[in-house]
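In: Based on what follows, work out the 3D shape:
(chains A and B)
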Amino acid sequence: MEQVLEVLSMVLVEPFARMATNPAFLVQVIWEGFVSGVLYALIALGFVLIFKASGVFNFAQGIMVVFAALTLVGLHEAGVPAWVAVALALVVMYVLAVGVERIVLRPLVNQPDIILLMATIGLTRVLVGFGELVFGGEPKVMIANELGIPSGVWRIPLFDRVVVIKLIDLTAAIVAIVMVAGLAFFFSRTRIGRALRAVADDHQAALSVGISLEQIWVIVWFAAGIVALVTGIMWGARSDVSFALEIIALKALPVLILGGFTSVPGAIVGGLIIGIGEKIGEIYWGRLIGGGIESWLAYMIALLFLLFRPQGLFGEKIIERV
Amino acid sequence: MRVNTLLVGTAMMALVGTALPAAAEDSVYIPLLTYRTGAFAGSGIPIADGMHDYFKMLNARDGGIGGVKIVTEECETGYTAQKGVECYEATKAKGALVYNPWSTGITLALIPKATQEKIPVLSMAYGLSAAAMGKTFPWVFNPPLTYWDGLSVAIKYVGDKSGGLDKLKGKTIGFIYLDAPYGKEPIPLLEGLAKDYGFKVAKYPVPADKMQDQSSQWLNVQQDNPDWMVMWGWGAMNPTAVKEAAKVGYPMDKFIGVWWSGSEDDARPAGPGGKGYLTLNFTATGADFPAVQDIVKHVFDKGNSSVKEKSKIGEVNYNKGVYNSVLMAEAIRTAQKITGKKVINAADMRLGLEALEISEARFKEIGLGGFAAPVKVTCDDHSGAHAVYLQQWNGTKWVKASDWIAPMKDKVRPLLEKDASDYTAKNAPWPARSEDCPKS
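Out: Numbering: from 1, shown residues only, chains lettered A, B, ... in the order given. Sure, this is the predicted structure:
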């Protein structure tokens, strides 16, 4: 009985006591979770855009992040000024979008979704091989300073302690918020956005009212390419630019499960819930079971939400008549 | 054997399109399990290059070893145990002399197979620490020292800086590690030493998908405020950890990484924040050695190296790859001497590895004087528990920060024996050693 009470205290009392006794640290944890969350949202957004337009889960989103970041750093290493390299990297991502539409998607119109998924897996392998051939597999340092991304820290006094805000994290959060808001506006309030939704609902119906499927796909893949470049810059600046960045894309999966594959607001809210939730879980409860729980805790949080909303937080409720 | 060699050579030519030496020449075949792709490629590439280049240099400069060319073939593992085992299965029939898994996970998977099939495994300063017990693991070698030896050096250094090991009582040592077989390997010894010296251990596992987002781990570090931090990291985990440590203001001169966390690419991305970071090391850094210069002359300058920039030759992980090949090359020479054969097989290679001795004079003779501490492997001790030193990042390069420090053999050896015994019990029936010790 005593042991049960002890366990209950460790699970239900001590973590909250730690939060109450050191609120500045709690703020720090929430801030770190928030930064991770907006960056997760950014990755998830790349998936959502393509899924909305083509019903395809783009397996290649992770490698697009690596490819975009490597292109940027590679161009800069070749002597191209930083912001020109950004512009050229965007051109490369546009060429990639056109190439994907022409070579991969166009021949597969109206094929089952699983075929398109397999095509993106193939695209991933092609980009991995091409990327390694051109840039090599060695890690590179993101050109954060050259792009004007600040590298210092703010130490903010709070509750007699200090909360540390890394300026790079602050920049990442601001850029991600602006990007997410911009893309949300673009796809919900513009003509192209409405066309995108039409394509997402029914390819053939969209074609019949004069919407160019090819054009929409290029736009969407290019938008996903822009998202990949920004994601690559931000994550690359926090760590390094290497093929390990591809793994980061896995973090979008619980976000997508939670937020729904078709919802831009879902990607944002889902990213924040997962980001903050996994940090709080790891810091205050992780030690009870050995630590390192973030990887699966994100899926637990997502599954918990799915118990109550199977379509995700903002996903479309699909009713199919039998 | 000659027929086998030719068959292997023909198969090799068909498989990898490598221009083999003329059919009349003798050769031995060494598969290299490497990873030039995936999340750990940043660490895997320079190591693979170093291994290759040393053998290429020996082939070009000396015509191989003892008149025998070295034929290598890379097999990409991506640092995954599954692919590593696939590589082993795909290459063993070609007459592999020895396997270098370059992953503790792959090593653990290969130990029972290679023991059964009698092919040596050389896990240079990684893998199962208990494999140093040669009487239990006659086919596995892990010189120049085990992870447990390395950890004991780190604790010894911490004790030294704290005024003696007895002063560790009541202190907290944080251990941040890749949440994989590699990172977990030294934990039993760490917990054992914590009991002996009365310090506390705070563990911070980093899952592979969180290598580049370690804010949780370092928030915990910030809250626990350990007196010292020890890291067992690899790949992208290392630069991220150094950056995060700098961010939370952890004193870098109290942060010690294992030898696999101490490449230039691990410290460089942190910029000035990484200054003071310490790691263990057992090879010298730099290209200022006659043998390394021969690599430049015979391999790099002739366009036969995979290294793109000359400055990469002599970097920490490149030199680790060179050292790995030096161990193999010297074991081949030893095996040739013991058996009197030019073209040796896997069983002969095992003899060579078990009698391996590279003295200071021998290192000098092969153009690597001062490159590493003398190495001696015996029938009883397959690692040798050799000394390592600490290097420190000065903001732009690694500099030597300590003398060579010997591991705590008295503490480590009994635990290795116990662990070896536990391993055989878990993997019963483990074959009893039937191989004789080398005569010389």
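
In: Could you pull out the buried residues of the top helix by length along chain B?
Out: Among all segments of chain B classified by DSSP state H, the helix with the greatest residue count is helix B:316-339. With burial defined by 16 or more other C-beta atoms under 10 Å in any protein chain shown, the residues of helix B:316-339 counted as buried are B:316-336, B:338-339. C-beta: built from backbone N, CA, C; applies to glycine.

In: cool, stretch B:270-287 as well?
Out: Taking 16+ other C-beta under 10 Å as the criterion, stretch B:270-287 shows B:270-271, B:273-285, B:287 as buried.

In: Confidence-wise, which of those comes last?
Out: Within the buried residues of stretch B:270-287, residue B:271 has the lowest pLDDT, namely 80.

In: Using the three-state scheme, assign it.
Out: For residue B:271, the secondary-structure state derived from DSSP: H, G, I helix; E, B strand; the rest coil is helix.

In: dump the residue contacts of it.
Out: When contacts are counted by C-beta atoms under 8 Å, 6 or more residues apart in numbering or on different chains, residue B:271 is found next to A:151, B:395.

In: how near is it to residue A:167?
Out: Summarising the geometry, the distance separating residue B:271 from residue A:167, computed by C-beta to C-beta, to the nearest Å, is 13 Å.

In: Touching both of those two, which residues are there?
Out: Overlap between the contact sets of residue B:271 and residue A:167, as judged by C-beta under 8 Å, 6+ apart, is given by residue A:151.

In: So which residues of the stretch 301-440 of chain B form helices?
Out: With DSSP state H, counting those that start in this stretch as the definition, the stretch 301-440 of chain B shows helices at residue ranges B:316-339, B:346-354, B:360-365, B:409-426.

In: Can you give the distance of the shortest one from its chain's centre?
Out: Think helix B:360-365. Computed by C-alpha atoms, centre = their mean, to the nearest Å, the separation of helix B:360-365 from the middle of its chain amounts to 21 Å.

In: swap in the first one?
Out: Between the mean C-alpha location of helix B:316-339 and the chain-wide mean there is a distance of 12 Å, by C-alpha atoms, centre = their mean.

In: Model confidence for the most centrally placed residue in chain A, exactly?
Out: Centroid-nearest residue in chain A, with C-alpha atoms, centre = their mean: residue A:43, separated by 1.3 Å. In this prediction, residue A:43 carries a pLDDT score of 87.

In: What of residue A:292?
Out: The pLDDT attached to residue A:292 in the predicted structure is 79.

In: What sits closest to it if chain neighbours are left out?
Out: Nearest in space to residue A:292, with sequence neighbours left out and distances taken as C-beta to C-beta, 6 or more residues apart in numbering or on different chains, is residue B:205 at 3.4 Å.

In: Please give the element, helix or strand, for the one you found.
Out: Per DSSP states H and E: residue B:205 is located in strand B:200-206.

In: Within its sheet, name the partner strands of that strand and how each one runs.
Out: Looking at strand B:200-206 with DSSP bridges, its partner strands are strand B:172-178 (parallel).

In: Show me what the next helix or strand after the partner strand is packed against.
Out: Tracing the chain past strand B:172-178, the next element assigned as helix or strand by DSSP H and E is helix B:181-184. The elements that helix B:181-184 packs onto, with contact taken as 3 or more C-beta pairs under 8 Å, 6 or more residues apart in numbering or on different chains; DSSP states H and E, are helix B:104-117.

In: If we use 10 Å, what do you get?
Out: Packing partners of helix B:181-184 (3 or more C-beta pairs under 10 Å, 6 or more residues apart in numbering or on different chains; DSSP states H and E): helix B:104-117, helix B:147-162, strand B:172-178, strand B:200-206, strand B:228-232.

In: got the angle for the third one vs helix B:147-162?
Out: In this case it means strand B:172-178. With axes from the mean of the first three to the mean of the last three C-alpha atoms, to 10 degrees as the basis, strand B:172-178 and helix B:147-162 are set at 150 degrees to each other.

In: could I have strand B:172-178 exported to CSV, CA atoms only?
Out: Listed next in CSV are the C-alpha coordinates belonging to strand B:172-178 (Å, rounded to 0.1, in the frame of the first residue of the first chain):
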residue,chain,number,x,y,z
THR,B,172,26.7,14.1,-9.6
ILE,B,173,28.0,13.0,-13.0
GLY,B,174,25.6,13.3,-15.9
PHE,B,175,25.7,10.8,-18.7
ILE,B,176,24.2,11.8,-22.0
TYR,B,177,24.1,9.0,-24.5
LEU,B,178,22.7,7.8,-27.8
